Structure formats: C-alpha cells, structure tokens
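Colleague: Starting from these lines, generate the structure:
(one chain, ligands or ions: 1)
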Amino acid sequence: MDVSAGFERKKTRQIMVGDVAVGGDAPITVQSMTITKTADVEATLQQVYSLAAAGADIVRCTCNDFAAAEGLAQIVPRSPVPIVADIHHQYKMALAALEAGVQCLRLNPGNIKNPKHIKLVAQEAKDRNVPIRIGVNGGSLHPDLYAKYGGKVTPEAMVESAQDELAYFAEVDFDLVKISVKASSVPLMIEAYRQLSEVTDYPLHLGVTEAGPPPGGLIKATAGIATLLAEGIGDTIRYSLTADPVQEAKAGRQLLEAMGLRERKNVDLIACPSCGRAEVDVYAVAEQAMEAFADKEIPLQVAVMGCVVNGPGEARDADIGIAAGNKRGHLFVKGQNVAVVAEDEMVDQLVEWATYINDHGAEAALARVDTQKAAREAEKDRARLLELQGDDANDSGTRVDLIRKL
Ligand code: SF4
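Modeller: Next comes the predicted model:
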C-alpha cells in the first residue's frame, strides 16, 4: 500500500474565515483560544501573536461582555490571523462581535436557545459574509435534547442539536457554516463526529473538550482528533488543554505534521528510547536538541541515537542524525556517515549540519566531506562496542544465569 498518498479526506464545502480557507481541499487548519481578558487588548494581541507563531491559523477570543466586544474592534485589525468570537448565552454579544469586525462567530446552540435570536444573528452574519461555527458541546447540550434522549448526552442528541441550528440558519438562507460536536469523552465525540459527517458536508471543527492538563489531556485530544482525521473526517482542529494555549497550537500543528496532513515547518526530532547499549544520556541529548531547534524553521527529520551499533541503521531515513560511540558522536546524513565530533559538541554540530542541509541540500552537505573516512571511524567504534557488549547489551544473559541459580 502506498502510504505517501496520506489519508483520503471526506469532501466538504469550503468556507472562508477571513483569508483562511476551511474545508474542501484547503489544508487542515489549527485553532486555539486566548485565555486573556479580551478587553485587555495588548495582552490579548500578544497572545494571539504567540499562538500564530506556534502554528495557529485561526484564533478564538471570548466575547462575553461589551468591553470584550470593544476590545475585539481593536484586536481584529491588528491580528496576524483571523479572529473568531466565542459567544455563549447572550446573542447581543454576537451582534456586538460582528460590529467589531470578527471574521467568524462561534455559537453554542445549548445556550442561545431563542430561535428569533439565532436567526437574527445568522441574518446579520450573512449580510457581512461572516461564517458561524455551530459549536455543540456535550456538557452544555440543549435541555430539550437532553430530556428527549433520556437525560443522557448521546451522539444522536449532539448531531440533532447541530441539525436544529442548521434548520434555523436555513430559514434565513445562511450557509457559511462549520460545525463541532465536542465532548470530553473520546468515544462519544468520535461517534458524534462520525454520525455528523454522514449527514452533512459542512466543514467540521474537531476537538475533545475539557481534555485537561498534559500529558493526559494531550493523549485524550490526540486519540479523538487523530482517529477522526485518519478516517478523513475534520477540516480544522483545536486541542483544548488546561495549559498555556501555545501548547495547544504546537500540539495541533505537530499532530497534522506527524500525520502528513500539513507541510512540515519545524524539525521532526526522532530519538531512540535508549537501552543498555546507549553510549550517552539519550534523554538529555534529545532534550538539548529539542531546545536548540525550538525556534528554528528547519523542516527536516533529525535523529538522536544512543549508539553507533544500531543508531545509523535504524535512523537511515532521517535527513540528519547523530549516534554516540566511544565518547564521540557520529554524524550521518541520509544514512551516510559524514563526520565524527566530540560528545559535548553533538547538539551544536547537529544544528550546524541541519542548517546547512536546509540551505543547500543533502547532496551539497555530503559533497563537502570524506564520507569513507567517517564511515571507517564509525565502524571502528561500532566494532569496539560489539566486542565489549556482544549481542547482549542489556546483559540479560547474566540475569538469567542468576535467576537460574536461585
Ligand atoms: S540499540 Fe542503540 S540506537 Fe537502539 S535503542 Fe539502544 S542505544 Fe538506542
């Protein structure tokens, strides 16, 4: 099977959130939300910029009072990315956010319930060509639906909530819509999105709501979002973490890159898990490398491997890598040894080589060194390690002997 083609994506309509396309064949986008008071324009803008730098394509800000709406009027023109106003309970805040010039609204059908108000907001959004996300949330489901489904939040109830809202929008001929059916339960949200994607072709915004702090929150959000993306469902995603929202934006971006759904922007650092063969503290070197590459836009795969015995082979597809051996680091490019460096220079050299490859290409990098010589040095350390450790680097044989003597 050819995995390079990626996941087949379900065809959805396309809408524009400001200048960012969502749905259709547009790249899947990353969203996050500010946690500042929206009325605090400078603090909110600073966070919007941080989120955009971390990979967010669209940022949502709460619009919970008129001061927030006034803040949005100043934030929107200065923002590097489109701004979505998050509206709960008060339809007037939606109208105020539209006046402020936001590029999208998010309405929760569970707490803006008056059909007249819903239609008025949709009409106003239509007049301005501004899309609305129907943001159904398992935790704040419309009370009528909650009762109808036996006091339980079910995927069917969540989908019905979205469809009810769509029906109101249809009455005013408004169709600039994207939809989310989030829940904090991963199985519930997966099933809700699956059912929703069967009955609609509006773009879908994926998320596991209230996923919690990392690492548990990251795992829950990834489990839900990645499962759906692998099924071709989803046009825009948000990690809802109890953490600095920059982590949300980074996680969203990294997930899409890892799944091959967005072009790589930063380094993809791979590292071995370490074992008894390791010639260096792999965790520490990987950590240092992550820090060193953190603010660099180098879309290469970089490998940190604990030993020269297996490292270069196991990471032969990496653009550049380093494997430790005999207090030295063996650098390799596309599986070919290129240089031997001192152990304490491993990370600096990785960065230097990665930067060179990014600027000039792997061929040019290989052409500037004696690869044969580097390979001979690596083979020397490899042979030495094999002689010292043999095939049983974790010394399991000795342990087994000890156990047998008990
Ligand atoms: S064999 Fe070498 S490369 Fe593989 S996990 Fe162990 S130390 Fe890392």
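Colleague: Mind jotting down where the helices sit in the stretch 251-400 of the chain?
Modeller: Secondary structure of the stretch 251-400 of the chain by DSSP state H, counting those that start in this stretch: the helices cover 282-293, 311-314, 346-360, 362-367, 371-389, 396-405.
Colleague: Deepest-packed of the ones you listed, please.
Modeller: Sort the helices of the stretch 251-400 of the chain by mean neighbour count, taking mean count of other CB atoms under 10 Å, and helix 311-314 sits at the top with a mean of 21. All C-beta atoms are positioned from the backbone trio N, CA, C, and that covers glycine.
Colleague: anything in that one near the ligand?
Modeller: Yes: applying CB under 6 Å from any ligand atom, one finds that helix 311-314 is in contact with the ligand at 311, 314.
Colleague: Mind listing residues that contact that helix?
Modeller: With CB atoms under 8 Å, 6 or more residues apart in numbering as the test, helix 311-314 has contacts from 272, 303, 305, 321, 323, 324, 330, 332, 335, 337, 378.
Colleague: model confidence over it, on average?
Modeller: Averaging pLDDT along helix 311-314 yields 89.
Colleague: Off-centre distance for it?
Modeller: Using CA atoms, centre = their mean, to the nearest Å, the mean C-alpha position of helix 311-314 is found 28 Å from that of the whole chain.
Colleague: CA atoms only for it, dumped as PDB, please.
Modeller: Only the C-alpha atoms of helix 311-314 are listed here, as PDB (Å, rounded to 0.1, in the frame of the first residue of the first chain):
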ATOM      1  CA  GLY A 311      21.600   4.000  15.500                       C
ATOM      2  CA  PRO A 312      22.600   4.900  12.000                       C
ATOM      3  CA  GLY A 313      20.800   1.900  10.500                       C
ATOM      4  CA  GLU A 314      17.600   2.400  12.500                       C
END
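Colleague: What count of nearby residues applies to the nearest residue to residue 256 once chain neighbours are set aside?
Modeller: The spatially closest residue to residue 256, leaving aside those adjacent along the chain, is residue 262, at 3.9 Å (CB to CB, 6 or more residues apart in numbering). For residue 262, the count of nearby residues is 19 (other CB atoms under 10 Å).
Colleague: Now for residue 87: which residues touch it?
Modeller: For residue 87, the contacting residues are 63, 93, 94, 97, 105, 106, 107, 108, 112, by CB under 8 Å, 6+ apart.
Colleague: Same question for residue 96.
Modeller: The contact partners of residue 96, taken as CB under 8 Å, 6+ apart, are 63, 66, 69.
Colleague: So which residues on the protein come close to the ligand?
Modeller: If contact is defined as CB under 6 Å from any ligand atom, the residues of the chain in contact with the ligand are 272-275, 277-278, 305-307, 309-311, 314.
Colleague: Just the closest of those to residue 224, please.
Modeller: Within the residues of the chain next to the ligand, proximity to residue 224 (CB to CB) peaks at residue 273, which comes in at 25.7 Å.
Colleague: what's the distance between that closest one and residue 282?
Modeller: Here the distance between residue 273 and residue 282 works out to 8 Å (CB to CB, to the nearest Å).
Colleague: How about residue 324?
Modeller: To residue 282, residue 324 is 8 Å away according to CB to CB.
Colleague: Repeat that for residue 160.
Modeller: Remark: distance between residue 160 and residue 282 (CB to CB) = 51 Å.
Colleague: Could you do residue 70 as well?
Modeller: Residue 70 sits 52 Å away from residue 282 when distances are taken as CB to CB.
Colleague: do the same with residue 132
Modeller: Here the distance between residue 132 and residue 282 works out to 49 Å (CB to CB).
Colleague: just residue 387 next, same as before
Modeller: Distance from residue 387 to residue 282, counting by CB to CB: 22 Å.
Colleague: what does residue 80 give?
Modeller: For residue 80, the distance to residue 282 equals 37 Å [CB to CB].
Colleague: Give the burial count for residue 304, as a bare number.
Modeller: For residue 304, the neighbour count with other CB under 10 Å is 30.
Colleague: residue contacts, the closest residue to it other than its chain neighbours?
Modeller: Excluding the flanking residues, the one nearest residue 304 by CB to CB, 6+ apart is residue 271, at 4.1 Å. Contacts were defined as CB under 8 Å, 6+ apart; by that measure residue 271 touches 282, 285, 286, 289, 303, 304, 305.
Colleague: mind giving me a markdown table with these and columns for pLDDT?
Modeller: What follows is those, written out as a markdown table (pLDDT from 0 to 100):
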| residue | pLDDT |
| --- | --- |
| 282 | 93 |
| 285 | 95 |
| 286 | 96 |
| 289 | 96 |
| 303 | 96 |
| 304 | 96 |
| 305 | 95 |
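Colleague: pLDDT score assigned to the residue of the stretch 1-150 of the chain found nearest the ligand?
Modeller: For the stretch 1-150 of the chain, the residue positioned closest to the ligand under CB to the nearest ligand atom is residue 3, at a distance of 23.7 Å. Predicted confidence (pLDDT) for residue 3: 70.
Colleague: again, but for the one 4 residues further on
Modeller: The confidence metric pLDDT takes the value 87 at residue 7.
Colleague: my read: it touches residue 233, true?
Modeller: No: with the criterion set as CB atoms under 8 Å, residue 7 and residue 233 do not qualify as a contacting pair; they are 9.6 Å apart.
Colleague: The two: who's more crowded?
Modeller: It is residue 233, of residue 7 and residue 233, that has more neighbours when counted by other CB under 10 Å, with 21 against 15.
Colleague: So that one belongs to a helix, correct?
Modeller: No: the assignment for residue 233 by DSSP: H, G, I helix; E, B strand; the rest coil gives coil, which leaves it out of any helix.
Colleague: And for the closest residue to it other than its chain neighbours, the neighbour number?
Modeller: Of all residues beyond its chain neighbours, the one nearest residue 233 is residue 197 (4.7 Å), with distances taken as CB to CB, 6+ apart. Summarising burial for residue 197: neighbours were counted as other CB under 10 Å, giving 21.
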